[in-house]
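Trainee: Attaching a predicted model along with its sequence, questions to come.
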Amino acid sequence: MRTSCPAVPVPITAPSLSASHRWKVLAVGVAANASFSAAANGMPTTAVWLRSGYHLSNTELGVALGAMGLGVALTELPWGMATDRWGDRPVLLTGLLGTMLALLALLLWITPADGSVPPLWALAAGLAAVGVLGGSVNGASGRAVMRWFGAGERGFAMSIRQTAVPLGGGLGALILPSLASRHGFMPVFGALALVCALSAFLTWRWMHEPDSAAEAATGPHNASQGLSGVKPPPLRNRQVWRMVAAIGLLCVPQFAVLSYATVFLHDHGRLGLAAITAVMVALQMGAMVMRIWSGRHTDRRANRPAYLRGSALVALAAFILLGCIAWLEAPGWLLMAAVVLAGIAVSAWHGVAYTELATEAGGASAGTALGMANTAVYVGLFLTPVTLPHLLAASSWAVVWWTAGLVALAARPLFPKP
């Protein structure tokens, strides 16, 4: 019976690390995820200017916005398996530096300049390359958190890590639309490349595998829970697959808001840059606060399955409300409030779900399980902006938001029962 998994070797020159080093590892995970989120969730906030700058229709805009998600979806599982095989540090460094180079390529060769507009295929290919390389941050940093933190802290720690998604998206929403509207997309891609470089430096400095003493100090069987051979590997674990499907479905309404809320507020609500930026920043900051609260709440109550099933119902209610407000042609301030509420409602559960999934898979297989989940998530990031314009053309914004709520409801029975 297999009782342990070979640890990734730590170079003999590496410093001796205590259990307190886990907070630096968590900081690296937050920085890495925020860097990629600034691109994945920040770029959609520039949708109005992306559409005009690259001369795109709504359908072509959906292809461009979905390309990054497609790139991540194609490579999340291989990145996760590579993390389990070689460790967090080399995977994060490779991915962050590669993402930086892909963004610099976009800056140099795929931006409108002097009346020349790059073709859609070039823009989509560049953004897909960012997704292919940037997807490395998800599984690697999540596996590191599972190995460095004990069972009583993991929900809180993973939720802090997951706040990096709205943190990066919020910073992107605060900075990128202004850059795009005033200076075009060269500074947009340049700013994103810079934050990836800074995160790569922090990874090089702080990301290390825990030694046996530090790992033991975080709690009993921290890294080896689930390694006794009782549970099948993630790719053959039915419960893991159910949770992967639930996570992917519950991300669809989130991506609907992140990808097209700016277009909705601009076209339907007739709102300007300042109002749109305020909405997207408030949404991301609210999601960040709620993710931290959710992790702490479920750690204390040990009720992650019940919380996840309840989150699907909360998301359904929020999107029904948003659809009704859109249908009633409500004033702009009410549209803004409804978008923020729906975005927060469908974003608060991430850290809890990823913790439950990684716990089910076991610490040594967490990279693979998280890679599976992120593949489902980013398939949704690709399909949602590609599909949404067709649904909008055939119906209305109200129907779009109601449909997103029904997708959230479909995730509920796939989460484990309390």
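Mentor: Sure thing, it's come through.

Trainee: quick one, phi/psi of Asn237?
Mentor: With angles defined as degrees, to the nearest 10, Asn237 sits at phi -100, psi 110.

Trainee: Give me the three-state assignment for the nearest residue to it once chain neighbours are set aside.
Mentor: Of all residues not flanking Asn237 in the chain, Lys231 sits nearest, at 6.3 Å (Cβ to Cβ, 6 or more residues apart in numbering). Using the backbone N, CA and C atoms, a C-beta is placed for each residue, glycine as well. State at Lys231, reduced to three classes by DSSP: H, G, I helix; E, B strand; the rest coil: coil.

Trainee: what number of residues lie near Lys231?
Mentor: 17 (other Cβ atoms under 10 Å).

Trainee: so what pLDDT did it get?
Mentor: Here the pLDDT value assigned to Lys231 is 70.

Trainee: Thought His390 was touching Val400, still the case?
Mentor: No: Val400 is not in contact with His390 according to Cβ atoms under 8 Å; the separation is 10.3 Å.

Trainee: So if I had to pick from the two, which one is more boxed in?
Mentor: Val400 (23 against 12).

Trainee: residues in contact with that one?
Mentor: Ala256, Tyr260, Gly323, Leu388, Leu391, Leu392 (Cβ atoms under 8 Å, 6 or more residues apart in numbering).

Trainee: ok, now Met372?
Mentor: Neighbours of Met372 in contact, by Cβ under 8 Å, 6+ apart: Glu76, Leu77, Gly80, Pro234, Leu235, Val240, Trp241, Val244.

Trainee: Which helix or strand contains it?
Mentor: Met372 belongs to helix 366-394 when assigned by DSSP states H and E.

Trainee: in the helix or strand just after that helix, what counts as buried?
Mentor: Where DSSP H and E defines the elements, the next helix or strand beyond helix 366-394 is helix 397-411. Across helix 397-411, burial judged by 16 or more other Cβ atoms under 10 Å covers Trp397, Ala398, Val400, Trp401, Trp402, Thr403, Ala404, Gly405, Val407, Ala408, Leu409, Ala411.

Trainee: quick check, distance from helix 397-411 to the centre of its chain.
Mentor: Put simply, helix 397-411 sits 20 Å off its chain's centre (Cα atoms, centre = their mean, to the nearest Å).

Trainee: Wait, Val244 touches Gly380, no?
Mentor: No: judged on Cβ under 8 Å, Val244 makes no contact with Gly380 at a distance of 11.5 Å.

Trainee: Contact partners for Asn237?
Mentor: Taking Cβ under 8 Å, 6+ apart as the test, what Asn237 contacts is Lys231, Glu360, Ala361.

Trainee: same deal with Ile110?
Mentor: Pro118, Ala122, Leu123, Gly126.

Trainee: ok, now Pro389?
Mentor: Asn58, Thr59, Leu61, Gly62.

Trainee: Residue ranges in the chain under the pLDDT threshold?
Mentor: Along the chain, the model assigns pLDDT under 70 to residues 1-19, 211-230, 363.

Trainee: change it to 50
Mentor: Scanning the chain for pLDDT under 50 picks out 1-14, 213-229.

Trainee: give me the element the residue most central in space within it is part of.
Mentor: Nearest to the mean C-alpha position of the chain, by Cα atoms, centre = their mean, lies Val165 at 5.1 Å. Using DSSP H and E, Val165 maps to helix 164-183.

Trainee: ok, then the element right after that helix?
Mentor: Next element after helix 164-183 (DSSP H and E): helix 186-206.
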